[in-house]
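Engineer: mind looking at a prediction? Sequence and model below.
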Amino acid sequence: MPVGRQGARTAIRAQPTGLTSDAATRHPPARADEYDEIARVWMESWVSTGLAEASEFLLANLRARIRREIENGWSLFVADDNGAIAAMLALHLPKLYLDMLFVGPAFQGQSLGRKLLAFTRTQMPDEMYLRCVRENEKAWRWYEREGFVFEKEEVEPSNGFVMKYYRWKRPAAG
């Protein structure tokens, strides 16, 4: 699947916690020494929404959150473009929760998010949940086009953002 700069090939890699797919285990795991780069991609993608400004404080918080969330059950996947982290995907498989899907700005608009979502559906093939910041209209409209159904809005106490909650369920065969 060609993605990224000049037709480069992007592979999905994962840290081993909670993997359920042979396809994921064929790629080397995301390494702890990559967490800083993953946090940078996360920050740059989040900043590209216009909802935050890049800062060392934000980057430090994201670095710490990656480690904390992995300890709390995240399965962390990255899209690797010739050795560069192009995107990050964090799933909480026991909760059927797509927690984070962020594509670095240099890789946006190249269907990488769609490929990561397709991969997510191999991990949670029947049903999944996610939430999205209400002001990130580009993201939630994309999830709606991808078949997610809006369920509710609630304020997230930890950051004050109004979050839109979505559910996806495999269409019934027939």
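Structural biologist: Sure thing, it's come through.

Engineer: sec struct for the residue nearest the centre of the chain, please.
Structural biologist: Taking Cα atoms, centre = their mean, the centroid of the chain lies closest to L101, which sits 1.7 Å from it. Of the three states, L101 takes strand under DSSP: H, G, I helix; E, B strand; the rest coil.

Engineer: what about it, distance to R68?
Structural biologist: 19 Å (Cβ to Cβ, to the nearest Å). C-betas here are computed from N, CA, C, even on glycine.

Engineer: returning to that earlier point: if I pick the residue nearest to the centre of the chain, what's in contact with it?
Structural biologist: Each residue near L101 by Cβ atoms under 8 Å, 6 or more residues apart in numbering is listed here: 87-90, 113, 116-117, 120.

Engineer: okay if I get those as CSV plus distance to P105 and secondary structure?
Structural biologist: What follows is the contacts of L101, written out as CSV (distance: Cβ to Cβ, whole Å; DSSP: H, G, I helix; E, B strand; the rest coil):
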residue, distance to P105, secondary structure
A87, 11, strand
M88, 13, strand
L89, 16, strand
A90, 19, strand
G113, 12, helix
L116, 15, helix
L117, 18, helix
T120, 21, helix
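
Engineer: give me the beta-bridge partners of the residue nearest to the centre of the chain?
Structural biologist: L89 (DSSP bridges).

Engineer: can you spell out which helices and strands pack onto the longest helix seen in the chain?
Structural biologist: Under DSSP state H, the helix in the chain containing the largest number of residues is helix 56-71. Using 3 or more Cβ pairs under 8 Å, 6 or more residues apart in numbering; DSSP states H and E as the contact test, the elements touching helix 56-71 are helix 35-48, strand 75-81.

Engineer: neighbouring contacts of the longest one?
Structural biologist: Same thing as helix 35-48. 30, 52-54, 58-59, 62-63, 65-67, 76, 78, 85-88, 100, 102-105, 108.

Engineer: mind giving me the ChimeraX select for these, buried ones only?
Structural biologist: Applying 16 or more other Cβ atoms under 10 Å to the contacts of helix 35-48 leaves a buried subset, and the ChimeraX line that selects it is:
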select :30,58,59,62,63,65,66,76,78,85,86,87,88,100,102,103,104,108
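
Engineer: so which of the helices and strands packed on helix 56-71 is the most surrounded?
Structural biologist: strand 75-81 (a mean of 24; mean count of other Cβ atoms under 10 Å).
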